[in-house]
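Engineer: Need a 3D model of the following:
(3 chains, ligands or ions: 4)
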Amino acid sequence: MSAADASKGDAPRTPEAEGLAEQLREGYRLIGRSPVKVDGPAKVTGATRFADDLSLPRMLHAKLLRSHVAHARLVRIDTSAAEALPGVVAVLTGEALPTSFGILPVSQDEHALCRDKVRFVGDPVAAVAAVDEETAFEALSHIRVEYEPLDPVFEPAEAIKNEIEPIHDYGDDGNVHKRVSMEFGNVAAALDESDLLLDHEFFYEGNTHLPMEQHATLAWQEPDGRITIWSSTQTPHYLHRATSKVLGLSPSRVRIIACPNGGGFGGKSDPFNHEIVVAELARRTNRPVKICLTREEVFYCHRGRHPVHMRATMGFRKDGRITGLHFRTLLDGGAYGSYGVASTYYTGALQTVTYEIPAYRFDGVRTFTNKPPCGPKRGHGTPQPRFALEIQMDRAAEALGIDPADLRLMQLQPAHGITANWLRIGSMGLGPCIEKVVEGSGWREKRGKLPRGRGIGLACSSYICGAGLPIYWNAMPHSGVTLKLDRGGGVAVFCGETDIGQGSDTVLATCVAEILGVDLTDIRVTAADTDLTPVDLGSYSSRVTLMVGNAAIQAAERAREIVARTAGKTLGVPGNRLRFAEGRVFDVQDPDRGITFSEAVSQAEAEHGTIATAGSYTPPPTPGRYRGAGVGPSPAYSYSAAVVEVDVDEETGVVTVDKVWIAHDIGQSINEMLVIGQVEGSVYMGLGEALMEEMTYRPNRFGVHKIPSLLDYKSPTTKEMPEVVTYLVTDPDPNGPFGAKEVGQGPLLPMMPAIANAVYDAVGVRVDMTPITPERVLKALEREDRRCAPKPLPDLRIEDTVRIKTLAEGGDGTSPRTGRPTKESTAP
Amino acid sequence: MMRLPPFRWHAPKDLAEVVRILAGEGPAARVVAGGTDLFPNMKRRHQKASTLVGLAGVEGFSGVTSTPEGDVVIGAGTTLRALERDAAAARLAPALVEAVATISTPVLRNMGTIGGNVCLDTRCNYYNQTWEWRRAIDFCMKCDGTTCWVAPSSPRCWAVNSSDGVPALIALGARARLVGPDDEREVPVGDLFRDDGIEYLAKRPDEVLASLIVPAQGDAVSTYRKVRRRGAFDFPVAGVAVRLRRDGDRVAEVAIVVNGVGSSPIRCTAAEELLVGEVPDADRIAAAAAAAWKPARPLDNTDHEHSWRKRMVRVETKRALEALTA
Amino acid sequence: MTVASEDGARPTADDPRRKAHVILRVNGEDHEVAFLPHKTLLEVLREDMGLTGTKHGCELGECGTCTVLVDGEPQLSCLLLGLQSVGRDIETVEGMAGADGLHPLQQAFAELGAAQCGYCTPGFLLTAEALLRNDPQPSRERIVEELSGNLCRCTGYLKIYEAVEQAAAARTAPGAGR
Ligand SMILES: Cc1cc2nc3c(=O)[nH]c(=O)nc-3n(C[C@H](O)[C@H](O)[C@H](O)COP(=O)(O)OP(=O)(O)OC[C@H]3O[C@@H](n4cnc5c(N)ncnc54)[C@H](O)[C@@H]3O)c2cc1C
Ligand code: SF4
Ligand code: FES
Ligand code: FES
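Structural biologist: Ligands and ions are numbered 1, 2, ... in the order given. Okay, here's the model as predicted:
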């Protein structure tokens, strides 16, 4: 943070800090360039050790027996035959691990192995550790489980009726896990005054992360009884907490090492039952135990995109200005809580950050169903509402005779403003994003003018750069970094962050290297090890670059300060004239007057002793203090705009995306190659969600997952990937490290609505559902209303709406009911 | 890791030996060529074998040759890739080469063989699943169970013949040479299939498919059109092969074969009859496409909605005919 | 011990529960290995030879992650038996970099960000290597086609195409090492 301050030119504290501020003003050496990732060579040589690549002497292999019924009471489990099988070393059932866990403090509803009930096909009930995987697999078929079936429920519209035995014994009522309703300003009045009222329903299908790496975990009990776990997890810190809790061990006796993830996308962000199970098995057998899930089991872990049924009632004035929005969502949560409460809020939180919406109401309900649990997938809870909102913008533009790009440009949420729902916006580059894609794509020449069957569509979006509040209530930093400078000039960086492919190791190293003026190859990153590295909350909510980056800057600044003070003395140069660059420390006015970085470190070490520093980051307080204000605030918001050109075959309904122009407001790239990589990867994933990916189940056969395989769950191949033109908009955000904002999730969001809008431009039909399949396009083409829409949303049974005055109404960010901040909403 | 169950392994050098082992061991023995169908099925435990006989090393089992008359003889062990790259095959049997080039992915085609493609197990998304998954649905008629969940009152299995090569071979009038322990015979490829998801092949288990013979096509033209979600990996949810010979501006001969919409490939004779002797103008083609659409009976056991698949048979038949008559 | 037929290159195994003792030629070196007859090459490489550079995403032929080169052609190691690999030339990602550093494809993948999480990377590298050996200057269309059997969830493939093109250019540039 302070480097960012320094680069803004705020009054630095010391001459050395002033020297750094000037150094950064003179231009970056690494920031914004594209050197090879620090882990690049390991990844291209196969040297990177993913969790399943690890093995230890005498290692056992574990397998989980999973429920083959959707909803049942567990009556009895007989494991004796399995235990008797030669090669089987241990068999575990839920009895052994009675403590519940879960990612959110309010949803501690999971057990490592089911105890009283099973809640979906795939819920684990027993585990085996054996000398090899084949024996463990065989042992599963010797375990006898007696179930007492209960009625299952697979659809939220059914679940909300509360006609079956509730899946859980907690939640808002019956199978309603969470019900939220809040209103900012007077929405009914605003909608009444509208010249144009749009009221449509949408359905966004569930889909899953599908990382190429299947989850794997290795656990080992050290001779002194400590447990070490290597796992493909994005959140070693939360796994640390959950494992300690369930195993009943002090966290000091549990060590989590997150291996590099072979893709995560949010799918490895929960603490998982298999991770805790192998830890317990390692403890019981006193041998290392590994598990690697099959692809089918990865589908059962899920935690992917919630299927969301939506209704967007939106008013506009004749001139195009939005008057108000009433947004309703019904989420299909699956069998467990996971991040679901946060996901529910997220389906309502970020509608307000792109365009000015003076009055806003959000009603959201999450239900439990007997399917694999949904959770956070890239964009967490926001692609669904964004899909609806951006299609409504397109509809409004047409109805009002305004170009969709202009409709958006005329009412952008102002930078550094506060939204109706009390989110504080920082830098806001959506305007330039729209202009870039409009110009690059030839939007103005093409829209409405392409031959029939070809179309062009535009959509925009925004995403958080880390959540303003931690997942569990605490006042500690969200990110910590420690640095150790070696006499030889090497810099060891320790941080709890986890590289899941997004390049966070490189971001961390780059921030440090920029400030210390050394090369990336001089930096050794040790990450994601709860014994060695300070806590970072994890690789989720696009928080890593901003929070880890800021913590790294602080640690590096402190180290630089120490080295600079000594170097200034020995060189006889005032601190503000010192520069750190090219592995040297020198006088900016006389560059020959200098010493190598390693000499400077040695001298400083002689003077001060071992040089180790720490940095940390805590997000700024948030203006919203009403109940529910915890979801949505962020230190900064990224913005994206996309234009896509499609081809629609009216005989088959097949939609082909030919080209994508996408602009992203990154604040400032730390490594431009990584930024573009995230944009292209997001386009890819958005393409899959828009056109083909879906989690589907067979209600006729006990709710089994219909297609739990890489062949049948459709991930786009090289053949589907369109050409992508990426534009980066640079507009440093005061809260970002060097001004940087996120890019991992935001650029996915505009893809789905942009494609839907392009389909409309091509053939004049609205497909208000994802995926936009050929079947749906044909259906819409044949219907009189030229639309493919979901069934009507059931009554959400909202009884109590929290009303919060907006800033314009003279509100102060609290809800009048309590008049004071609740614990949940108090910002640290 | 999905793993294979244990089995005995033989890798003989000649076909006679293969057939001898099969006859000796009975149905517990199976041949494997590229293994791209059998191995996944065995890993999911819905095809079983205690002895496997590898065909890859059998001498003279792979390769493409053509006769001066224009017949193409394709060893059953020829990989899809080799066939796809064979210039003579591309010239003499275009629909087949087009079809083969759409199978799954380049790397899979390096392994999969044309013989395996002809003998490919029928598919169904209630069946191509792991043992644990199938247990959750209480198994099904094709393996370990009794009911067909696609059509629960049906006495038969409706698993889908999903080979891309087969419709092309049938449309081209290809013959299959089968080698058994006591005899050798040649049958039209179309006669190899039965309209049953379980007993889908009309050949004895101890017979090995040795080669395929595509007769000279003269001035007939042919093509194959495949319907699938993605441009790679995916099996056909419908496929249409058409071979057509014209006499002046009229159709002299035509063969239309549809696959992926039933347990066996479907020869669309009604559609063919509408075309023979006629000028293939837009109306004729539309009528023929409509007739081809009729016998297609897709059910809900593959990717895509079955009504859409049926509809695509019509669209793709039309497009194939248009392409060949353009 | 079970083993090899007369010519050694075509082992048979009469006892499904006994390990076959064979020689596999991997990355130009002969290795003596013993494994059960039903083990796939993927399992043998990773579990019996410690060559964990070859990854897996499905083990059913549905993703291409496990691709290795067998006699110079990409093959799915999850659908090929260890026994079927005897007498053939197997190349894995571990064999790509030499004493003189990264292979041009590896270099290009690292430089252009074609490996994000890196999990699909070994499969892509070997598929691309086979492509470049057959077609040193492939068109973009050819690259898209030949790589269509490898799934990547991170990159959207575009950087991978660019890396293959850069490596192709480096390889054919005058004075190129390999
Ligand atoms: C992900 C994936 C996608 C696929 N996509 C397609 C697709 O799009 N289109 C398509 O058509 N296929 C597809 N396949 C199926 C299959 O890979 C191909 O059909 C391939 O050609 C099968 O050949 P093979 O040699 O590998 O068969 P194998 O697996 O070796 O054998 C298949 C069956 O045929 C029997 N058999 C093999 N050879 C003979 C012989 N000579 N005589 C008697 N019986 C024999 C075997 O016993 C076995 O039952 C796909 C497979 C996978 C895994
Ligand atoms: S069609 Fe019916 S019997 Fe055949 S595999 Fe499918 S579900 Fe089973
Ligand atoms: S592991 Fe997926 S194809 Fe082999
Ligand atoms: S780089 Fe992660 S799957 Fe390709």
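
Engineer: I'd like to know how many residues surround the residue of chain C found nearest ligand 2.
Structural biologist: Nearest to ligand 2, among the residues of chain C, is C:Leu60, at 17.4 Å (C-beta to the nearest ligand atom). (Each C-beta comes from the backbone N, C-alpha and C, glycine too.) For C:Leu60, the count of nearby residues is 25 (other C-beta atoms under 10 Å in any protein chain shown).

Engineer: got the contact list for it?
Structural biologist: Counting by C-beta atoms under 8 Å, 6 or more residues apart in numbering or on different chains, C:Leu60 touches A:Arg295, A:Ser709, A:Leu710, A:Leu711, B:Met2, B:Pro40, B:Lys43, B:Arg44, C:Cys78, C:Leu79.

Engineer: Please, which helix or strand holds the residue of the stretch 351-500 of chain A found nearest ligand 3?
Structural biologist: Per C-beta to the nearest ligand atom, A:Ile500 is where the stretch 351-500 of chain A lies closest to ligand 3, at 20.1 Å. For A:Ile500, there is no host helix or strand (DSSP states H and E).

Engineer: cool, and A:Val438?
Structural biologist: Take DSSP H and E as the rule and A:Val438 turns out to sit in helix A:430-441.

Engineer: so how far is that helix off the chain centroid?
Structural biologist: Relative to its parent chain, helix A:430-441 has a centroid offset of 25 Å by C-alpha atoms, centre = their mean, to the nearest Å.

Engineer: same check, this time on stretch A:707-717
Structural biologist: With C-alpha atoms, centre = their mean, you get 22 Å for stretch A:707-717.

Engineer: Stretch A:51-61 now?
Structural biologist: Going by C-alpha atoms, centre = their mean, the spacing between the C-alpha centre of stretch A:51-61 and its chain's C-alpha centre is 30 Å.

Engineer: quick revisit: grab the CA positions of the helix holding A:Val438 and hand them over as PDB.
Structural biologist: C-alpha atoms of helix A:430-441 as PDB (Å, rounded to 0.1, in the frame of the first residue of the first chain):
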ATOM      1  CA  LEU A 430     -15.600   0.800 -18.300                       C
ATOM      2  CA  GLY A 431     -16.100   3.800 -20.600                       C
ATOM      3  CA  PRO A 432     -12.700   3.300 -22.400                       C
ATOM      4  CA  CYS A 433     -13.400  -0.400 -22.400                       C
ATOM      5  CA  ILE A 434     -16.600   0.100 -24.300                       C
ATOM      6  CA  GLU A 435     -15.000   2.500 -26.700                       C
ATOM      7  CA  LYS A 436     -12.200   0.200 -27.500                       C
ATOM      8  CA  VAL A 437     -14.400  -2.800 -28.300                       C
ATOM      9  CA  VAL A 438     -16.900  -0.700 -30.200                       C
ATOM     10  CA  GLU A 439     -14.100   0.700 -32.300                       C
ATOM     11  CA  GLY A 440     -12.100  -2.400 -32.700                       C
ATOM     12  CA  SER A 441     -15.100  -4.500 -33.800                       C
END
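
Engineer: Quick check: buried residues in that helix?
Structural biologist: Neighbour-count burial for helix A:430-441 flags A:Leu430, A:Gly431, A:Pro432, A:Cys433, A:Ile434, A:Glu435, A:Lys436, A:Val437, A:Val438, A:Gly440, A:Ser441 (criterion: 16 or more other C-beta atoms under 10 Å in any protein chain shown).

Engineer: count of neighbours near the closest residue in space to A:Met695 that isn't next to it in sequence?
Structural biologist: Counting by C-beta to C-beta, 6 or more residues apart in numbering or on different chains, A:Gly206 is the residue found nearest to A:Met695 once chain neighbours are left out, at 4.3 Å. For A:Gly206, the number of neighbouring residues by other C-beta under 10 Å comes to 25.

Engineer: try A:Met310
Structural biologist: A:Met310 has 24 neighbours, counted by other C-beta under 10 Å.

Engineer: So what does the residue of the stretch 351-500 of chain A closest to ligand 3 have for phi and psi?
Structural biologist: The phi and psi values for A:Ile500, taken as degrees, to the nearest 10, are phi -110, psi 20.

Engineer: for it, what are its contacts?
Structural biologist: A:Ile500 neighbours (C-beta under 8 Å, 6+ apart): A:Gln234, A:Pro260, A:Asn261, A:Gly263, A:Gly264, A:Phe265, A:Lys268, A:Ser539, C:Cys117.

Engineer: residues in the stretch 1-150 of chain B within reach of chain C, list them.
Structural biologist: B:1-11, B:13, B:34-36, B:39-40, B:43-44, B:50, B:54, B:56-57, B:81, B:104-108, B:110-111 (C-beta under 8 Å from any C-beta of the partner chain).

Engineer: so what's whichever residue of the stretch 101-250 of chain A sits closest to ligand 2 up against?
Structural biologist: Nearest to ligand 2, among the residues of the stretch 101-250 of chain A, is A:Val121, at 16.8 Å (C-beta to the nearest ligand atom). Contacts for A:Val121 (C-beta under 8 Å, 6+ apart) come out as A:Arg66, A:Ser67, A:His68, A:Val69, A:Ala70, A:Tyr300, A:Asn370, A:Phe702, A:Gly703, A:Val704, A:His705, B:Ala136.
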